[in-house]
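Novice: how does the following fold in three dimensions:
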Amino acid sequence: MPELGINRVETVSSSSTSRSRTFFRLTMRWLLRSAALITLAILLFVAAAILLGNTPVNTDFQDAGAEGIEILVLNNGVHADLVLPIDNTRFRWLDHFMETDFRAMNSGHRYAIFGWGDRQFYMETRTWDDLKVSNVVKAFAGLGKTVVHVSLTEDLNWPKDRSRSIRITPDQFERLCRRLLETFERKESGALVLIPQAGYHEQDAFYEARGSYHLFRTCNVWAGDALAQAGVRVGFWTLTPQLLFRCLPAERAP
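Specialist: This is a model prediction of the structure:
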């Protein structure tokens, strides 16, 4: 009888060990498969971004020349902005901005820099030192609201390695402006919805915006879509500023 008891304990112990090993093997197999699927998804995502970013639309775009309206596309490495004149006879942004929207607005401000993005990330990240991982995750997940950032400037003097000058026709300029205007949240009166006291400095302002920011629709996609709607040559899906610049027309020689 004692020997039977010992054998029984050994059998139970062996069975428990076997189950543990089986559980460990199944867990490792699941983890490896999950890692492989995640890696594959990332590779497909990157491949799609590169392919579509290098596939141009509006391939028949022609520079408007000296008679055209000059705009700039800006690139700070991770974010793209559009710079447009604010007092053009074809479309006047001054009809939509109020002087009181900005703490310091004067007649010397002839251009506006337009950017769009996740509200919390944009408004809480004035410099890269303010960057929070939680804000990045929330933004890419599409969980927050969006804003349009408008910053006034006096000229188009921007470093060549961070900008691209494009001359477009008055028709294209109007289409581009109206596309950007559609991004702004509007009151019943048509007025833009200012976010009070939210600017970084005296010459900028934040406005409530439409649309959802997420991993597949970034600020760079927003800029690319607006340019595409205006008829400018640009990539089909401009996920990064580098991809946005890839298909833009070459800068016109002075």
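Novice: contact partners of the helix or strand containing Val150?
Specialist: Assessed by DSSP states H and E, Val150 sits inside strand 146-153. With contact meaning C-beta atoms under 8 Å, 6 or more residues apart in numbering, strand 146-153 is reached by 83, 86, 97, 101-102, 105, 109-119, 122-123, 180, 183-184, 195, 200-201, 203-213. For the C-beta atoms, the positions are set from N, CA and C on the backbone; glycine is no exception.
Novice: can I get the buried part of these as one ChimeraX selection?
Specialist: Typed into ChimeraX, the line below selects the buried ones among the contacts of strand 146-153, using 16 or more other C-beta atoms under 10 Å:
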select :83,86,97,101,102,105,109,111,112,113,114,115,116,117,118,119,122,123,180,183,184,195,203,204,205,206,207,208,209,213
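Novice: from the contacts of strand 146-153, which land in helices?
Specialist: Among these, the members found in helices (DSSP state H) are Arg119, Tyr122, Met123, Leu180, Thr183.
Novice: now the two most distant members of the residues you listed.
Specialist: Based on C-beta to C-beta, the longest span within these runs between Met123 and Leu180 and measures 19.1 Å.
Novice: how close does the most centrally placed residue in the chain get to Asn75?
Specialist: Nearest to the mean C-alpha position of the chain, counting by C-alpha atoms, centre = their mean, stands Cys219 at 1.8 Å. Counting by C-beta to C-beta, to the nearest Å, the gap from Cys219 to Asn75 is 11 Å.
Novice: and if you look at Gln120?
Specialist: Per C-beta to C-beta, Gln120 is found 23 Å from Asn75.
Novice: who's more crowded, the two?
Specialist: Between Gln120 and Asn75, counted using other C-beta atoms under 10 Å, the more crowded position is Asn75 (21 against 18).
Novice: doesn't Leu243 make contact with the more buried one?
Specialist: No - using C-beta atoms under 8 Å, Asn75 is not in contact with Leu243; the gap is 10.5 Å.
Novice: for stretch 62-71, buried residues please.
Specialist: Of all the residues in stretch 62-71, those buried under the rule 16+ other C-beta under 10 Å are Asp63, Ala64, Gly68, Ile69, Glu70, Ile71.
Novice: who touches it?
Specialist: Stretch 62-71 has contacts (C-beta under 8 Å, 6+ apart) with 82-85, 88, 90, 156, 165-170, 172-173, 176, 249, 252.
Novice: in the stretch 151-254 of the chain, what spans have low per-residue confidence?
Specialist: In the predicted model, the stretch 151-254 of the chain carries pLDDT under 70 at residues 252-254.
Novice: no further questions, thank you.
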